[in-house]
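Undergrad: Dropping the sequence and predicted coords here.
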Amino acid sequence: MASSLYIHIPFCLKRCVYCNFVSGVYDPEKLSSYIDALQIETEKIPAETPLSTLFIGGGTPTVLPAEILHNLLLCLFDHFIFNDNFEATIESNPGTLSDEKLQIIISSGINRISLGVQSFNDKELTFLGRIHGSKQAEQAVTMARKAGFKNISIDLIYGIPGQSLNSWKHTLENTVRLNPYHISSYELTVEQGTALSRSALDRDEEEIIDMYDYAVDWLSSQGFIHYEISNFARPGYECRHNMNYWDRGDYYGAGLGAHSLIDNQRLRNTDDLKNYIRLITRNESPARVIDHISDEKALSEAIFLGLRKTGGITIETLAMRYKVNILSKYRKVIEDLQTAGLIIVSPSGCSDETNIILTRKGLLLSNEVFEKFV
């Protein structure tokens, strides 16, 4: 039984130029029907085993009107059982927050908020198509803390055209000054079909590498643990929902285009809004199985997902779970990656355990490493 649940809210006030998620501009006429269908879908998910994590993402969940947001959260917390030490996250754009919504969110049981700040430079925010400015982002953090949130996460983007290393340093410094407990730092990627993909971008790849290196070194010096390629946390505040993904745990997904991984079956919901509502109205599942995962593929996924974590993978743990010694199975691959300086094979601190971890070079070239295990 899965112990993690993802809920997808596919609405935004404005679509960002880099976004390739299943989302669209907020439409009040479609919203009510969608939320009704979403609640029906979630109520059909087995609720016997307590959830360890809940993540409400988007889109922009806080674009929902206060009353609809309240009813959705009430439905979730009424239907599911949660562990005593559960983590429940909601994503938010700073431009969609209000004191009323924050009180609804925190009183429902949500105990972690992830703010899509992206930058503290207004020109960069305008380029990205964000609806908020840097001052509004600061205000959102202050509002969230005043409402009672301790576990606040901030998302940032680097590698924005026109962004300098000094501008990136300014964004990082402003972020740390606001004292979040978690920071996600993502390189701007150009996805097919996005508005960004239709533009000619002038970016300095060496400077982008410098931005990544600076973030790793400086955030570490400020007391943040670099626990995954793009993620940093105060001790004990790693995102447990995402850790379940990287540990290849089971999870349910509900909502438009949501994915689930249950007992080595990967499922995906339809990403057609009308079809999603129609299927649920007809008492049919919006999900279809897109992959029956073999033991071989499960092992491969466990390796490249686990290597995303800076603690890497433990040979003995994988051997116990998948009944194979990966040092033997992937001997040539591992030797080549070591020679290239992309991985380290070393004791984990326990005499009977061995870890494989990415080097700093390996973190920068992680996709090349992952491809070797696919």
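TA: Received the coordinates, thanks.
Undergrad: among the helices and strands of the protein, which has the poorest mean pLDDT?
TA: strand 24-25 (a mean of 72; mean pLDDT, DSSP states H and E).
Undergrad: What are the contacting residues of whichever helix or strand comes after that strand?
TA: The element immediately downstream of strand 24-25 (helix or strand, assigned by DSSP states H and E) is helix 28-43. With Cβ atoms under 8 Å, 6 or more residues apart in numbering as the test, helix 28-43 has contacts from 5, 7, 10-11, 64, 68, 71-72, 75-76, 79, 254-256, 273, 276-277, 280-281, 286. In this view, the C-beta of every residue, glycine as well, is placed from N, C-alpha and C.
Undergrad: Just the ones of those residues in strands?
TA: Of the contacts of helix 28-43, the ones assigned to strands by DSSP state E are Leu5, Ile7, Phe11, Ala254.
Undergrad: The last one and Tyr6 touch, don't they?
TA: Think Ala254. Yes: contact criterion Cβ atoms under 8 Å: Ala254 and Tyr6 qualify, at 7.2 Å.
Undergrad: what about Pro347, neighbour count?
TA: 10 (other Cβ atoms under 10 Å).
Undergrad: roughly how far apart are the nearest residue to it once chain neighbours are set aside and Ser114?
TA: What sits nearest to Pro347 in space, not counting adjacent residues and going by Cβ to Cβ, 6 or more residues apart in numbering, is Thr354, at 6.0 Å. Distance, Thr354 to Ser114, by Cβ to Cβ, to the nearest Å: 34 Å.
Undergrad: more neighbours, those two?
TA: Neighbour tally, Thr354 and Ser114, criterion other Cβ under 10 Å: the higher count belongs to Ser114, 23 against 16.
Undergrad: Assign the nearest residue to the more buried one once chain neighbours are set aside to helix, strand or coil.
TA: Closest residue to Ser114 apart from its sequence neighbours, by Cβ to Cβ, 6+ apart: Ser153 at 4.2 Å. Here Ser153 is recorded as strand under DSSP: H, G, I helix; E, B strand; the rest coil.
Undergrad: Between all of the ones in strands among the contacts of helix 28-43, which two are separated the most?
TA: The distance between the two most remote of the ones in strands among the contacts of helix 28-43 (Cβ to Cβ) is 19.3 Å, for Leu5 and Phe11.
Undergrad: where exactly do the strands run in the stretch 251-374 of the chain?
TA: For the stretch 251-374 of the chain, the strands defined by DSSP state E, counting those that start in this stretch occupy 252-254, 259-262, 265-269, 287-292, 313-314, 343-347, 354-358.
Undergrad: Might you calculate how far the last one sits from the centre of the chain?
TA: Once both centres are worked out by Cα atoms, centre = their mean, to the nearest Å, strand 354-358 turns out to sit 23 Å from its chain's centre.
Undergrad: can you check the second one too?
TA: Averaging C-alpha coordinates over strand 259-262 and over its chain gives two centres that are 15 Å apart (Cα atoms, centre = their mean).
Undergrad: Show me the contact partners of that strand.
TA: 2, 6, 248-253, 266-269, 287.
Undergrad: which among these end up buried?
TA: Ala2, Tyr6, Arg248, Tyr251, Tyr252, Gly253, Leu267, Arg268, Asn269, Ala287 (16 or more other Cβ atoms under 10 Å).
Undergrad: How about the third one: what's its closest non-neighbour residue?
TA: So the one you mean is Arg248. Counting by Cβ to Cβ, 6+ apart, the residue nearest Arg248 is Ala302, at 4.8 Å.
Undergrad: show me what contacts Ile229?
TA: So Ile229 contacts Arg308, Thr310, Leu358, Leu363, Ser366 (Cβ under 8 Å, 6+ apart).
Undergrad: quick one: contacts for the closest residue to Ile154 other than its chain neighbours?
TA: Excluding the flanking residues, the one nearest Ile154 by Cβ to Cβ, 6+ apart is Pro180, at 4.6 Å. Pro180 makes contacts with Val141, Ile152, Ser153, Ile154, as judged by Cβ under 8 Å, 6+ apart.
Undergrad: The third one: neighbouring residues, count only.
TA: Using other Cβ under 10 Å as the criterion, Ser153 is surrounded by 23 other residues.
Undergrad: Bridge partners for it, pull those for me.
TA: Ser114, His182 (DSSP bridges).
Undergrad: surely it meets Ile113?
TA: Yes: between Ser153 and Ile113 there is a contact under Cβ under 8 Å: 7.0 Å.
Undergrad: Need the residues touching each of those two.
TA: With Cβ under 8 Å, 6+ apart as the test, Ser153 and Ile113 both reach Thr89.
Undergrad: Same list, the contacts of Ile229, but as TSV with pLDDT and distance to Glu206 please.
TA: Formatted as TSV, these follow (pLDDT from 0 to 100; distance: Cβ to Cβ, whole Å):
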residue	pLDDT	distance to Glu206
Arg308	98	24
Thr310	97	23
Leu358	98	20
Leu363	97	16
Ser366	97	18
